[in-house]
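Chemist: Provide a 3D model corresponding to the input given below.
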Amino acid sequence: MTFDGVSTTQPRKVAMKAIDAIIPIAYHTWMSERQRDRRTGTPISDANAFGREESLMQRHQARHTRDTGRGFTLIELLVVIAIIALLIGILLPALGKARDSARQLQDLTQVRGMGQSMTFYANDERGWYPLMPFNDMGQRAWDGVDGDAPRLDRQYDYGVAGLFSPNQLGDAFELWDGTSTVAEGPDAHPGYQGTSFGDGPGNYNLQDRTRQDVAPYTDMGVMESYIESFETLASPSQRQDRWWGDSSSNTPLPGSRYRQATAVLDVEAPARREQVVNYNVSYLYIAGLRTDDPAILFPPPFWGTETATADASTSSWWQAESDEVKSEVGYNPDTGYADVDMFGDRGGNFVFADGHGEFVTNNPAVEFFSENGSKSIDILGSRTVYANGSRFEVTRSRTVQTID
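Modeler: All right, here's what the predicted structure looks like:
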């Protein structure tokens with residue numbers, strides 16, 4: 001376990017080493033004092049009992065005077081130091097755990113707050129939680145144009161930050177001139193900016209505000225009017241996050257997305273929409289769900305703790321990483337999280353479609369979004385849909401997608 005980046009077991013180890021070093025010093029000091037007392041002690045005369053008693057009294061008075069006047073001995077000081085070191089070794093890990101628990105509770109409060117905001121949105125949208133606008137590729141996937149069964153796709157093009165901002169400048173905000181759509185510079189780490197993936201009905205459009213074949217330009221993300229502050233997008237438990245480049249890198253690619261990160265950046269709670277970008281958002285989102293879905297038996301989670309890799313589509317919860325990478329990061333298949341994640345490999349905070357929030361310790365990818373999960377959204381089986389003259393059997397999980 002770690003506390004502010006330092007192992008909480010380290011102080012205990014240091015304390016034990018200090019005690020191990022102090023004990024032999026204290027022992028040798030004690031032996032030296034005994035030998036000194038023997039050498040300086042007054043001999044007891046056997047001449048008479050009175051003389052013996054007087055000698056004993058003199059020795060006692062002399063030793064009492066010496067003991068009360070000299071202050072702490074070295075052995076006493078060493079014992080005090082050893083006790084203090086032991087107490088530090090015991091108490092510091094406990095204080096670290098208490099602080100971690102407080103941060104985890106605050107994080108859960110933020111997660112539940114976002115769930116409530118998204119429920120307000122869903123109340124205005126016939127029960128649907130927010131979706132990113134479909135670009136051309138996303139619309140084709142939804143319509144089954146390519147002969148494949150209809151599916152929800154390309155939500156990850158915008159990243160989860162796209163729910164709150166169509167112009168994700170991040171730390172490049174200070175370099176932005178206020179008019180151009182792209183912030184450039186060696187210290188710029190922007191996210192989605194405008195129509196990087198083609199224009200389609202309802203797509204964000206920052207490149208050309210005069211076009212009539214797309215939805216009207218808007219500075220606002222679909223969720224902005226439903227939240228009180230952008231700062232709740234950053235967890236108090238997360239210090240750093242990874243950046244994979246601009247929005248084009250949101251797309252899942254072969255190989256390790258964890259290792260493909262081009263920078264590791266400090267997480268800063270965004271104060272305005274332009275500062276909302278993937279590395280300042282500590283959570284992932286499962287798009288395509290409803291507040292009350294008759295096709296789903298158990299209420300699923302939809303907003304919660306992200307991992308340190310790219311949680312895009314089926315790459316979420318380390319699913320696309322190799323065994324080598326999973327071993328490197330300390331991946332726990334039971335929880336879906338790794339040692340390098342926000343709460344280590346213990347799990348993550350989530351809010352569910354029925355409004356409750358909890359710390360989830362079972363792997364969400366398996367528990368809720370696989371065919372064999374005990375609370376899977378596919379537990380009621382597939383449904384029949386028709387697209388472009390073809391008939392398809394589609395499971396519910398095909399029409400949801402994880403984004404971060």
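
Chemist: Pull the distance from the helix or strand containing Leu78 to the chain's centre.
Modeler: Element membership for Leu78 (DSSP states H and E) is helix 74-124. Counting by CA atoms, centre = their mean, to the nearest Å, helix 74-124 is centred 14 Å from the centre of its parent chain.

Chemist: Which secondary structure elements does that helix sit against?
Modeler: strand 2-3, helix 9-40, strand 301-305, strand 348-352, strand 357-360 (3 or more CB pairs under 8 Å, 6 or more residues apart in numbering; DSSP states H and E). C-betas here are computed from N, CA, C, even on glycine.

Chemist: and the angle from that helix to strand 301-305?
Modeler: Going by axes from the mean of the first three to the mean of the last three CA atoms, to 10 degrees, helix 74-124 is angled at 150 degrees with respect to strand 301-305.

Chemist: which residues of the stretch 1-150 of the chain score low on pLDDT?
Modeler: Applying pLDDT under 70 to the stretch 1-150 of the chain flags residues 1-72.

Chemist: so who does the residue lying closest to Gly245 once chain neighbours are set aside touch?
Modeler: Of all residues not flanking Gly245 in the chain, Thr262 sits nearest, at 5.7 Å (CB to CB, 6 or more residues apart in numbering). Applying CB atoms under 8 Å, 6 or more residues apart in numbering to Thr262 gives the contacts Trp243, Trp244, Gly245.

Chemist: What confidence value was assigned to Thr262?
Modeler: Looking at Thr262, its pLDDT stands at 86.

Chemist: And it, how close does it get to Leu169?
Modeler: Going from Thr262 to Leu169 by CB to CB, to the nearest Å gives 17 Å.

Chemist: how about the helices in the chain?
Modeler: 9-40, 49-69, 74-124, 136-143, 257-260, 323-329, 364-367 (DSSP state H).

Chemist: Next up, the contacts around the residue nearest to Ala234 when sequence neighbours are not counted.
Modeler: Spatially, and ignoring its direct neighbours in sequence, Ala234 is nearest to Ala269 (4.0 Å; CB to CB, 6+ apart). Shown in contact with Ala269 (CB under 8 Å, 6+ apart): Phe230, Glu231, Thr232, Leu233, Ala234, Asn280.

Chemist: Keep only those of these that are in strands.
Modeler: Among the contacts of Ala269, the subset assigned to strands under DSSP state E is empty.

Chemist: I'd like to know which of the residues you listed are buried.
Modeler: Buried members of those, counted by 16 or more other CB atoms under 10 Å: Phe230, Thr232, Leu233, Ala234, Asn280.

Chemist: now the last one: how far from Leu105?
Modeler: Okay, so that is Asn280. Taking CB to CB as the measure, Asn280 falls 22 Å from Leu105.

Chemist: related to what we said a few turns ago, farthest-apart pair in the buried ones among the contacts of Ala269, please.
Modeler: Thr232 and Asn280 (11.4 Å; CB to CB).

Chemist: Quick check: bridge partners of Gly344?
Modeler: For Gly344, the beta-bridge partners are Met342 (DSSP bridges).

Chemist: In this structure it contacts Tyr331, no?
Modeler: No - Gly344 is beyond contact range of Tyr331, at 11.1 Å (criterion: CB atoms under 8 Å).

Chemist: Looking only at neighbour counts, state which of the two leads.
Modeler: Counted by other CB atoms under 10 Å, Gly344 and Tyr331 do not tie: Tyr331 has more neighbours, with 23 against 16.

Chemist: so what's the residue nearest to the more buried one when sequence neighbours are not counted up against?
Modeler: Nearest-residue entry for Tyr331: Ala338, 4.3 Å, with adjacent residues in sequence omitted and distances by CB to CB, 6+ apart. Contact analysis of Ala338 by CB under 8 Å, 6+ apart lists Thr307, Ala308, Trp318, Lys326, Val329, Gly330, Tyr331, Asn332, Gly344, Asp345.

Chemist: For the closest residue in space to the second one that isn't next to it in sequence, grab phi and psi.
Modeler: When you say that, I think you mean Ala308. Excluding its sequence neighbours, the residue lying closest to Ala308 (CB to CB, 6+ apart) is Val340, at 4.7 Å. With angles defined as degrees, to the nearest 10, Val340 sits at phi -80, psi 0.

Chemist: I figured Val340 hits Glu321, correct?
Modeler: No - the pair Val340 / Glu321 is not scored as a contact, 11.4 Å apart, by CB under 8 Å.

Chemist: shared neighbours of those two, which are they?
Modeler: Val329.

Chemist: Give me the more crowded residue out of the two.
Modeler: Neighbours were counted for Val340 and for Glu321 using other CB under 10 Å; Glu321 has more, 23 against 17.

Chemist: What spatial separation is found between the more buried one and Val366?
Modeler: In this view, Glu321 and Val366 are 15 Å apart by CB to CB.

Chemist: And for Gly355?
Modeler: According to CB to CB, Gly355 and Val366 sit 23 Å apart.

Chemist: Of those two, give the one with the bigger neighbour count.
Modeler: Val366 (20 against 12).

Chemist: The more buried one: what's it in contact with?
Modeler: Gly336, Asn372, Gly373.

Chemist: what does Ser376 give?
Modeler: With CB under 8 Å, 6+ apart, Ser376 has these contacts: Phe298, Glu367, Phe368, Phe369, Ser370, Ser397.

Chemist: ok, back up a step: now for Gly344 and Tyr331: what residues contact both?
Modeler: Contacts common to Gly344 and Tyr331, judged by CB under 8 Å, 6+ apart, are Tyr337, Ala338.

Chemist: ok, now how distant is the most centrally placed residue in the chain from Asp354?
Modeler: Residue closest to the average C-alpha location in the chain (CA atoms, centre = their mean): Met342, at 2.2 Å. To Asp354, Met342 is 24 Å away according to CB to CB.
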